[in-house]
Structures are given as C-alpha cells and as structure tokens.
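# Model the structure of this input:
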Amino acid sequence: MRRAGIPAPVPLASATERACGTTVLVAGSVGTGKTTLLADWSEALEQRGDLVGWASLDREDNDPQVMGETLLGAVRAAIGAHVPAIAGEKVPSRVGHAFVSRLVELAGEAPADTWLVLDDLHLVRDPRCVELVELIVRWAPAHLHVVVGTRADPGLHLARLRLEERLVEVREHQLRFSIDDTRELLSRHDLALDDGQVRHLQELTEGWAAGVALAAVSLARGRDADAFLREFAQSHRAMSGYLVEEVLASLDEEVRDFLVSTSVLEDLTPDLAAAVTGRDDAGALLEALSADNAMVTVDREGPPTYRYHVLLRSYLGAMLESRSLRGAREVHARAAQWYAAHDVPGQALRHAEAAGDLDLMSDVIHHHALHLLLDGRAADIDAAVRTVPFGDPVMTAVAALASLDLSDPEAARVQLASLATQPGPWLGADADGGRADGDPADGDAGELPLERLLAVGLRWLSFVGDDVGRRSVGEPTVRADGEPSGDAWVTDGLTAELSSTFRTWSGSQPARGADVSPADVPTSSVAAERLWGRSRPVGRVPHAQADLDLLDELTSGGVLFGAGRFDDARTAYGAALGTARRAGHVLSALQAMVGLASVAAGQEDLVEMTAWSERVLSESQGTPWALSPRLLPAYVFAAWGAHQGLDVSTARDRNRTALALIAEVAAMMPALAPPEDEAGDDASTTAARGLEQLGRLARMLEADLDLEEAADEPGARQDVVTRVMTGARDVGRLSMTPALAVGELSRAHRIVLLAGVPRLAVEIEQLCAGLPGCEVEVAVMSGVRHLRTGDDAAARLAVAPLLSADPGSLPLRAAVTAHLVKAVVAHRNAQPTVAHEGLVVALTRAAPQRALRMVLEVAPDVADVLAVGAGRFGELETFALELREHVRGAAAPRAEPLLDVALSARELSLLRELPSLLTVAEIADARAVSRNTVKTQLRSLFQKLGVGSRRDAVAAARRLGLL
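Here you go, the predicted structure:
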C-alpha cells in the first residue's frame, strides 16, 4: 500500500545549513504499517537518485559487535558502488567512537544523499548499541540521513534534534489509513463496499492498518458487511482479538484446540498434525479448514502441505503460551520427535531447542549433523553444539566440520587437535569407517562413525585450511608425557589424508563418477525441490552412511582439484553429484556442479565450464542459494564463458553479480581476505587464496568489458590500463601458483595490447619471464605484440618453437594464437596457402571450445584471412562463418593510441591547470611549491605527452580524453 499522504522525506534545509544530516522518526504501534511505509520510501528515494541502505534490526543486535556488523552492512549496501574504500572496512574487536567516525566519514564521500534506514529499533535495548545509532545521528554530515522505524521512542536525543531543526517525525496518527487507503485495501480483496460502509469500517478501526486487513479477510469469506460491522461496533474486546476470533467463531472448541496446538508449525502435513495433536482426523480437519477459511491455505504440489496465515499463527501461538508454557514445550517436543523420525533434522533441531530438550538436540546432532551440514545449515549445528553440553569425540568432530563450513579453519584445527587428548586410534580408520583392527565403529547404524568424521575433517582442513605442515607458533610437537601434541597430530593426519585421497581416487573409481557431462545429468526439478525446507517422506533422506559418502566425495574433489589432479577431481565431483541427486541434497548438487565447472576451467574446456556454470545458476533459481557466495565460481566462470562467446550482455550481468558476491564474502568473512601487507604470506588459507583469485578474475573481466565499451574514450581506456597494470605489478607478492600468475599476466598483456600500449606489454612480458614454466606464454605474448606493432619477422620467430609442437599438446590459447600469428604473417607476405593452413589449425582447436574472442582478438588481420578462406573450411565452415558475422558487426578499430606511460596524480593535477591563464609563478604559489618544482613537473608532463609546449600539451590531452 502506497501512502500518498506521507511522501518520501527530503533533507531539511535547516539541517543542511548546519552541515548536518536529517533524522526521520517513524513511530507507531504494531500493525500500523511502518515497515511497508519505509519500503515504499526506499523505492521512491532510489528512483530519485538517492542512495539507500536498509537494516532490519532484531534482538541479536543487542550486542555491539553484531550491531556494528549490521550498521556497516547497511552503509556498504548504500554506498558500496560509489565509495570503493567501504569494501575493505571491517568491524573492529571493540566497536565504539572510532568505528562510527569511520562509517560517517565514508558515507560523507558518497556522490548523492544517502539514507540509512533502521527498522525496528525498539528491539535494540542495549545502551551501548543505541549509542552507536546516536553517534551516527549526531555526527551525520549534510548528505547522510538516518530514518528510524520503531514502536516506541528510542533512546536518542530527540529534544536536541528538534531544537536543531534536524528532525522529521511521523507519528501513529499519521500512519492511520485514510478513507482512500481503506477503500484500496478492500478492493484488493474484491470487496465492493459502499461509501457508508467504508466510512463505518474506517471509524471502527480508526485507520489501524492491521485491523482493516483482518476485517477484509473476514468479509472476503462472504459475510454480510452490515451485519459484520454491527457486531464489531457492539464488541468491547480488543480489536485484534475480536477480528482473529471472528475467523474462529464458526469452529467448535475441539477444532480451535487443534489450531492452537498446531500453531507452532509453519508447514503442516496430515501425518505431522496427527503426531502433534493425537487426532486421527487431522488431515480431514486441515482440508476442511483450507476449504472454508481464508487464513488456512494448502499447497498441493507434492503431498498436501497446509499453512496458517502469519497473523493467525501469531495469535494462536500467544494463546498456546498463555494457557501453559509447559504445554507449549510439549507440543514443540512432539514436533521435534516427528521431524527427527522423518529425517527432517533442521526442523527437529529447531523444535527441540524450543522445547528445551537438550537430549533430543544431542540425538539429532549425533544422527543427522551431516544432513544439516550438506543442506547449508552449519550455523544451526554450530549454535546447537554451543548450547548442548558435550564432551564426547563425535560432538567435537561435528563442531569442527561446522567450523570448516563456516570458513573458520583455525577453530576447526583446534577442535580436531583437542581429540588427540581423547582415547582411540582415530587416524587408524579404514575407508568404511571401521577401526584399523577390523572392529566396527562404535554406535548404532544411524549414528555418525567417528573415524570417518575425522578423516573427512582432516581432508577438508587440508584443502581450505592451513598449509600442510604448518604448526601453531610456539607450540611444542610433543607433550610433557612424550606423546605428540594435538597440533602435530593434526599435521600428521593432514598428510595421511592427502596420501589416502590420492590413492583412492587415482584412476581407480570410474564407476563412481563415470565420465559425467552436463548433457548426461537430468535436470533437477526446481518445483520438486521447493519443498527443501519442509517434511520429507520416510526414506527420502539417506542416513549417516550416504551423507558421509557425499561429504567424502565433495571434500575429495576439492583436495584433488587443489592438487591439480583434474581427471580424478572430475570423477570425485561426478560421484558427489550422483549421490546428492539421489539423496535430495540440492545445495550439495549445486556445489558438485560448481566443482565440475572449476575442473573444466582448469582443463581449458570452455564449453563444459560454461555449461556447468549456467546449469548451476539455472537450477539454483527458486532455492535459498540462488545468490549464495557458495556459487561464486559459477558466476565468474559463466561470465568468462559468455565473454569468450562474444555475449557481452550475459558476461557483464554474470560478472556484476560475481563482484557483488565477492564484496559480500569479504564483508561477512574478513578473515578470508588477508591484509594487503600480508597478501604474499604463504600461510594464508586456500579459501583466502581462492577468493583472491576469483576476485582478480572478475576484476580483470570487468576491465576487459570496460575497455570494449570505452572504444572512443581515451581517458576511460587509460583508466582501464592503469587498473590492469596495478594488478599485474602486484602478482609477484601474492600467494599464487606460477600457473595462476602466468595466466593473470597473460590476460593483462592482452588488455594493454588491445588498448594500444605496447610498451606496457613489454613490461608484462618481463614480469612473466621470471616465473617458472612461463616459456610458452612468453612466446605467445611476444609474438602477438610484434604482430600488432608490425614486426612480422620477430612475431614469426617468437612463436616458431610452438609451431613445431603438436597443437594438441599445447594449452588452448597458446596453440590457437601461435598458428594465428603464423597465418597473419603469411597473409601479409602474400602466402595464402600458408596463411590458410595456419588458420585451419587454429580453428580446429578453437571451434570445439567456441573460443570466438580468442581468435578475433589476436589481430585485426585475422578477419582478412577468414574472408580469403571463405568456403574452404570444411567442417569448420560454420564456426568460420560465425566469426565473420561477428567481424561485420564489430566497431571500427580505434584510431588514436593511448599514452605509453601513465601520468602521475601530480601530473594529472598540473595538466588540468594548463588551459587556465595562470602563469608558472601563479601555479607554483597556488600549490605552495617552488617555480622550479612546477617547471620540472611540466618537463616530465611534456615528455610523456610527446609535445614541446603548453598549447600542444592541452591539445594532446583533449585528444586523449584527459581534459
């Protein structure tokens, strides 16, 4: 509902004159539509061009650390696209004045008015947390405004804000529905009341939004409007109670008791309702209620599932607790037991916690922790483990797995190391989870076998955690009793698990993963998986053995991929995908496909990489993980695949999402991104290095796309080149393998050449030459550079060693580029047969991977060679024709080269002074430097621009888009 009478706020002139922000207070009781109004305002503000950051506060924000994260997230959401520095901000261990000052400083750098919306501030009662908001309000600069939604006046200095004329107040009387608002809401329920009836309802509800809404629900059941309004007018009960009870009025006491008892459940099946209430006719009751009552709905996709309207659930839940708190806990306990028996552990754990049943919580963790983990519920496990007192090894191992999934490898290492002090030869387990001596593992068939939990935990830690062999600083390798320390025990276990994984998957598991491809795997039904959070039939979810197999396969795939054993990793991920599909683990299936996409990227299989990535993005729609950081690699690879296929729109869209997810990961898990001065530390985790590499890939693609859009803007092209060179010069200090470093420099080399800066391309070649295993890529770089600068002989000589090798033995880009260099050189020197031969070899490698851009970007002359050979490509003709079509639709080549050397910040600043009439002496005085300093800067500037006078410098700068 849009409130025409309460338009979106504007900054107060009185506040702006004081160089202060405006504060807006929206205060009203429950059901007055505060949140809806704030949402409407936010949309209007964004349409106006302002920036908006939203925070929905809750009781968890009664902790300064959590409140700090919430405020930082809201500010980042508002200004992140305009103030890059906000991406690197982290919440300090002690949140206070310095943190708020930094937030306000960054928000003040935004290019437009910024509105920080804090909804439900009444839930925040900790004075330390309220003070953080008070400080933001007090220090807000002219372009930063705070909007507060609350049920009661917050602990802010409202009187002072009123005196300073910085406060806009929207109170409950303003939030009441107008006649037009009430009429519109009724019309949305297809209710055509006459003007008198609408006015009567307006008077009776006094414009209370929730009251009008509940009246509309009752009237939509076919009640006579006049009779309903007369009964309402005669009632002395509370409005909310009357209206909800009116929905229940036609029901007998037993049915009302049934509704009260089942109100703790968000989704009801007949079996679940029967278990909670003990009524055999529960299914028939639910069916009758859904047929006769607008506040009970049914979803018939799959087994019938019923839901109560949220207002009805809230009212019934309050009735349940008012009758007996013990009775409410008993209902939760029965629900927890039913969910546990039907393998829906997430709901079982939640209801067991509500029931205060620690034994049941422990039992759920022991039997179902891996199922929760595989469905992305590690946070629930972590919270439960902290709640339930435990001392047994299984709970410790489960806690370690949850820590790993929450990207806290250090905590997992400590938890695993603590097991060294407990009895049992945990590292002696065999592949089936039994002990080394052949005895079965302890526990019943449904419990989690400790030995395999440890094996999986160690393998997982070896991939996402510390480097193998790293020990805690200062910790001895043996204890006082002569036994190995916990840390040394973990280190030995990491090494053992790596060796075991390599042996297990080294070409000996074809039946488990087979030769999986996107076309061979049936598409998951998103409609069927929409029930991911609801109850599942008995037997649908596998028990501990199947869950362990799946986690085993996923972690093995990660380890093998990290070790560069791509074929074995593909087998492991393929096995994981099959297991996940059979078990109904949607998230795990998506993660397995992300792994398969990553393997394809490592093998330069662009078609498989793109197909798996797009499959992930497609199947994730309609699930809670559509924009999960877990799927980040799929967005990056899908973007690069589209880029190679010359689908710029898709590439830009996928890459934009990837960059947003990278920022989200960095904000949520700052430990993953090491400080800049430690970026080269070999002790950084695999997760940190992976995030860094994905970020660099996404930013490189962004630069590539920006360059393509900046064809006629030399200044923008210069900016792209500067960004790319900054990254290229950084490669040497990052924790990157030589192969990744060479790949990064190769992409940078291609961009600076396309931008027309061959001198910087030489610098990149020199950077690359110092890396092991770079010979092939350096030859390719040198050949393309010489080709683009017109030195055909040097180009042919550079790639000559590659031309003598089997094209199939070379990396994809090296083979395609080397033979295209050969083809272009031959074409320029009137050797059509040699040119066609080289082109055919290049297309033979490029066509199966649809590497269109890889072919066309080598040199503009490639288009000429394609045109000459038209009709003579045989099976490659379709691919060649597609290339020629893209050439015809491409923009004309850039005519104006860029500067070979980037200008410094001082030189750019000085350049902007040159069009003025200021003399050298006046410029020096304005800058508070000597005349000789200005003259020295001018000489450097003229030299870089290739000019000899001030006038020529201005003309050159304008041609280059620098002025």
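
# I figured R581 hits L590, correct?
No - between R581 and L590 there is no contact under CB atoms under 8 Å: 10.9 Å. In short, each C-beta sits where N, CA and C put it, glycine included.

# Show me which of the two is the more surrounded one.
Comparing R581 with L590 by other CB atoms under 10 Å, the one with more neighbours is L590, at 26 against 16.

# R413 sits in which helix or strand?
Per DSSP states H and E, R413 falls inside helix 409-418.

# All the helices of the stretch 251-400 of the chain, in order from the start?
Applying DSSP state H, counting those that start in this stretch to the stretch 251-400 of the chain gives helices spanning 253-261, 270-277, 282-292, 310-323, 325-341, 345-355, 358-374, 378-387, 393-405.

# Between helix 270-277 and the third one, find me the angle.
Right, helix 282-292. Interaxial angle of helix 282-292 relative to helix 270-277 (axes from the mean of the first three to the mean of the last three CA atoms, to 10 degrees): 110 degrees.

# Give me the distance from helix 282-292 to the chain's centre.
Its chain's C-alpha centre and that of helix 282-292 lie 41 Å apart, by CA atoms, centre = their mean, to the nearest Å.

# Counting neighbours, what do you get for H643?
Neighbour tally, H643, other CB under 10 Å: 22.

# If we go by neighbour counts, what in stretch 172-185 is buried?
172, 174-177, 181-183, 185 (16 or more other CB atoms under 10 Å).

# okay, these in a markdown table with secondary structure and pLDDT next?
Formatted as a markdown table, the buried residues of stretch 172-185 follow (DSSP: H, G, I helix; E, B strand; the rest coil; pLDDT from 0 to 100):
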| residue | secondary structure | pLDDT |
| --- | --- | --- |
| E172 | helix | 77 |
| Q174 | helix | 87 |
| L175 | helix | 86 |
| R176 | coil | 82 |
| F177 | coil | 86 |
| D181 | helix | 86 |
| T182 | helix | 87 |
| R183 | helix | 87 |
| L185 | helix | 85 |
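
# Closest to T919 out of those?
Nearest to T919, judged by CB to CB, of those is Q174 at 61.3 Å.

# Can you tell me which helices and strands the helix or strand containing G595 packs against?
For G595, the element it lies in under DSSP H and E is helix 586-602. Packing contacts for helix 586-602, counted by 3 or more CB pairs under 8 Å, 6 or more residues apart in numbering; DSSP states H and E, involve helix 544-562, helix 566-583, helix 606-620, helix 632-644.

# Could I have the CA atoms of that helix written out in PDB?
What follows is helix 586-602 as a C-alpha-only set of coordinates in PDB (Å, rounded to 0.1, in the frame of the first residue of the first chain):
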ATOM      1  CA  VAL A 586      20.000 -29.600  -3.500                       C
ATOM      2  CA  LEU A 587      22.900 -27.500  -2.200                       C
ATOM      3  CA  SER A 588      25.400 -30.300  -2.400                       C
ATOM      4  CA  ALA A 589      24.300 -31.000  -6.000                       C
ATOM      5  CA  LEU A 590      24.900 -27.300  -6.800                       C
ATOM      6  CA  GLN A 591      28.300 -27.500  -5.100                       C
ATOM      7  CA  ALA A 592      29.300 -30.600  -7.000                       C
ATOM      8  CA  MET A 593      28.400 -28.900 -10.300                       C
ATOM      9  CA  VAL A 594      30.500 -25.800  -9.200                       C
ATOM     10  CA  GLY A 595      33.400 -28.300  -8.700                       C
ATOM     11  CA  LEU A 596      32.800 -29.700 -12.200                       C
ATOM     12  CA  ALA A 597      32.800 -26.200 -13.700                       C
ATOM     13  CA  SER A 598      36.100 -25.400 -11.800                       C
ATOM     14  CA  VAL A 599      37.700 -28.600 -13.100                       C
ATOM     15  CA  ALA A 600      36.600 -27.800 -16.700                       C
ATOM     16  CA  ALA A 601      38.100 -24.300 -16.300                       C
ATOM     17  CA  GLY A 602      41.400 -25.800 -15.100                       C
END
